[in-house]
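Visitor: Using only what follows, build the 3D model:
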Amino acid sequence: GAKRIRCDLSCTIDLDNRLAISNRRSRCLKKAQSAGVLVVDDWFYIKEFWSVLLVNLEHKHRTSPVHSLEEICLLAERFPANIRLVTGRVDGKIEAGVVLFMTEKTHHAQYIASSPIGHKVCALDAIFDYCIAMARVSGVRYFDFGISNEEQGQVLNEGLYQFKIEFGGGGTIHEFYQLEL
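Guide: Numbers count the residues shown, from 1 in each chain. Model (predicted):
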């Protein structure tokens with residue numbers, strides 16, 4: 001008797017059966033390397049990254065993160081082996097980053113953001129290259145980019161989904177059901 005009330009589309013890479021990386025992602029990775037994007041895996045930079053995230057979410061999606069800075073820091077303190085921050089520095093400044101939630105089977109990109117400078121130099125390509133390699137080395141099966149839906153699941157952000165699948169992933173459905181008790 002449950003009714004499906006929402007259906008979101010995520011992008012997941014099966015690391016044992018990864019699809020081909022697009023030519024665009026390969027070119028962008030080379031661009032990031034040429035621009036000198038420095039990938040840094042260190043929670044120390046969370047405040048600087050959170051500023052990039054807040055501006056990015058407000059500008060592109062008119063929204064804010066599910067967690068406040070204080071909440072995400074508390075979660076990272078309580079689960080230090082399961083939450084990481086990977087950022088891209090350009091000329092000494094954080095221009096992009098990803099907060100990862102990690103389990104023994106999946107590394108999930110919970111927050112993804114880039115500044116205009118980070119976007120111009122393809123900083124996220126360098127960051128995801130690092131994160132996907134880290135997931136493979138750690139022995140997990142999946143790297144999940146998260147959903148690409150907006151407006152409570154009603155609209156697919158096709159450009160965002162395309163960006164994610166070009167790293168060698170495919171679609172994963174998240175269905176939400178409601179059951180009257």
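
Visitor: Now do the lowest-mean-pLDDT helix or strand in the chain: everything it contacts.
Guide: Least confident helix or strand, the chain: strand 149-150 with a mean of 87, by mean pLDDT, DSSP states H and E. The contact list for strand 149-150 (Cβ atoms under 8 Å, 6 or more residues apart in numbering) reads 8-9, 61, 155-157. Yep, even glycine has a C-beta here, placed from its N, CA and C like the rest.

Visitor: any idea which of these is the one closest to residue 118?
Guide: Nearest to residue 118, judged by Cβ to Cβ, of the contacts of strand 149-150 is residue 61 at 16.6 Å.

Visitor: so who does the residue nearest to residue 141 when sequence neighbours are not counted touch?
Guide: Excluding the flanking residues, the one nearest residue 141 by Cβ to Cβ, 6 or more residues apart in numbering is residue 105, at 5.3 Å. Residue 105 sits next to 140-142 when contact means Cβ under 8 Å, 6+ apart.

Visitor: for this structure, which residue is closest to the average position?
Guide: The centroid of the chain falls nearest to residue 109 when counting by Cα atoms, centre = their mean (3.5 Å).

Visitor: Distance from whatever helix or strand that one lives in to the middle of the chain?
Guide: Residue 109 belongs to strand 106-114 when assigned by DSSP states H and E. Distance of strand 106-114 from the chain centroid (Cα atoms, centre = their mean, to the nearest Å) equals 2 Å.

Visitor: next one: stretch 21-30
Guide: Relative to the chain's own centre, stretch 21-30 is displaced by 17 Å; criterion: Cα atoms, centre = their mean.

Visitor: With only the CA atoms kept, save it in CSV.
Guide: Extracted in CSV, the C-alpha atoms of stretch 21-30 (Å, rounded to 0.1, in the frame of the first residue of the first chain):
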residue,chain,number,x,y,z
ILE,A,21,35.9,8.2,-18.9
SER,A,22,34.8,10.8,-21.5
ASN,A,23,37.3,12.7,-23.6
ARG,A,24,36.0,15.9,-22.1
ARG,A,25,36.9,14.7,-18.5
SER,A,26,40.3,13.6,-19.7
ARG,A,27,41.0,17.0,-21.4
CYS,A,28,39.7,18.8,-18.2
LEU,A,29,42.0,16.7,-16.0
LYS,A,30,45.0,17.7,-18.2
